[in-house]
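K.L.:
could you look at this predicted model? Sequence included:
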Amino acid sequence: MIFETHAHYDDEKFDTDRVELLSSMKEAGIGHVINVGANMKGTRESIHLAHEYDFIFAAAGVHPDDAPRMTEADIEELRKYGADPKVVAIGEIGPDYYWEKDPAIREKQIYWWKRQMDLALELDLPVIIHSRDAAEITMEVMKEYATKGIRAVIHCYSYSAEMAKEFVKLGYYIGVGGVVTFKNGRKLQETVCHIPMDRILLETDSPYMAPEPYRGKRNDSRYIPEMVKKIAEIKGISREEVEDITWNNAFDLFRKAKEWNI
């Protein structure tokens, strides 16, 4: 069975067939899914899905695109959600410098990222880190929080294999998605080659970044076997081993999920 650690089934791209699609997951070998909040609305919808479907968990958090508009009231609301038995992480949170060039807005991203990291520590929850074009600040902050005992996955990993090894040394996991199957995905393929299997998590970021041969289409968890196949090829192990190891990795990080393992 496959543990999908990062999807967005609350996205409007699933409005036409969400029920049918989610109902097909178990038959497709998808044992669990974490639906990840990108903003407060998405967090609420993720929790709703988690309570509607026994195999779905939720992550509560605000993505850097929306983080600069956060308030303390949002932190209080996230604190309340953190007590929900099906909320297994705070995320996705972090820095995104790809679009945002204004230093003042970037500072707000970092402030609210850290506020959510502090909340995760308070709630004893891991964090799901979004980081794009922000390698230096991500490493700086994650080193700081490693000393505080934060548990984390670097979602949709896009930096070098050398940096991935540093994150692994800090105790973090690396999220591997559809890019690993791309012809131009050499950087992620090298990362998978150079980090241990016990630090890899499977994810899609659905509805985005579908793997080959579905690239360009709406992504969903049923395409994860394509990633499993590629990781097995890189690591020289069986697909079953990839599924089993990443399944255990997910439960090691998202500890609250163990109570719901079916």
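P.N.:
In hand now; what should we look at?

K.L.:
show me where this protein has its strands.
P.N.:
For the chain, strands defined by DSSP state E occupy the ranges 2-7, 30-36, 56-60, 87-93, 127-129, 152-154, 173-176, 200-202.

K.L.:
please convert those strands to TSV, extending it with distance to residue 164, mean neighbour count and mean pLDDT.
P.N.:
To be clear about C-beta, it is placed using only N, CA and C from the backbone, and glycine gets the same treatment. Listed next are these as TSV, based on distance: least, C-beta to C-beta, whole Å; neighbours: other C-beta atoms under 10 Å; pLDDT from 0 to 100:
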stretch	distance to residue 164	mean neighbour count	mean pLDDT
strand 2-7	16	27	98
strand 30-36	21	25	98
strand 56-60	21	27	98
strand 87-93	18	29	98
strand 127-129	13	29	98
strand 152-154	8	27	98
strand 173-176	5	26	98
strand 200-202	10	26	98
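
K.L.:
out of these, nearest to residue 66?
P.N.:
Nearest of the strands of the chain to residue 66, taken as C-beta to C-beta: strand 87-93 at 10.3 Å.

K.L.:
can I get the closest one in PDB, CA atoms only?
P.N.:
Output of strand 87-93 as PDB, limited to C-alpha atoms (Å, rounded to 0.1, in the frame of the first residue of the first chain):
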ATOM      1  CA  VAL A  87      -4.800  16.700  12.000                       C
ATOM      2  CA  VAL A  88      -1.300  15.100  11.800                       C
ATOM      3  CA  ALA A  89       0.900  18.100  10.800                       C
ATOM      4  CA  ILE A  90       1.200  21.900  10.400                       C
ATOM      5  CA  GLY A  91       1.700  22.800   6.800                       C
ATOM      6  CA  GLU A  92       2.300  23.700   4.200                       C
ATOM      7  CA  ILE A  93       4.500  26.500   5.500                       C
END
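
K.L.:
rewinding a little: just send the strands of the chain back as a markdown table, with distance to residue 190 too.
P.N.:
As requested, the strands of the chain are exported to a markdown table (distance: least, C-beta to C-beta, whole Å):
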| stretch | distance to residue 190 |
| --- | --- |
| strand 2-7 | 21 |
| strand 30-36 | 26 |
| strand 56-60 | 28 |
| strand 87-93 | 24 |
| strand 127-129 | 20 |
| strand 152-154 | 15 |
| strand 173-176 | 12 |
| strand 200-202 | 13 |
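
K.L.:
for residue 240, find the nearest of those.
P.N.:
Using C-beta to C-beta, the strands of the chain put strand 2-7 closest to residue 240, at 11.0 Å.

K.L.:
which residues sit against stretch 226-245?
P.N.:
With contact meaning C-beta atoms under 8 Å, 6 or more residues apart in numbering, stretch 226-245 is reached by 1-2, 176-178, 180-181, 189, 192-193, 197-198, 200, 202, 211-214, 225.

K.L.:
filter these to the buried ones?
P.N.:
Taking 16 or more other C-beta atoms under 10 Å as the criterion, what is buried in the contacts of stretch 226-245 is 2, 176-178, 180-181, 189, 192, 197, 200, 202, 211-212, 225.

K.L.:
residue ranges with poor pLDDT in the stretch 1-150 of the chain?
P.N.:
Counting by pLDDT under 70, the stretch 1-150 of the chain contains no low-confidence range.
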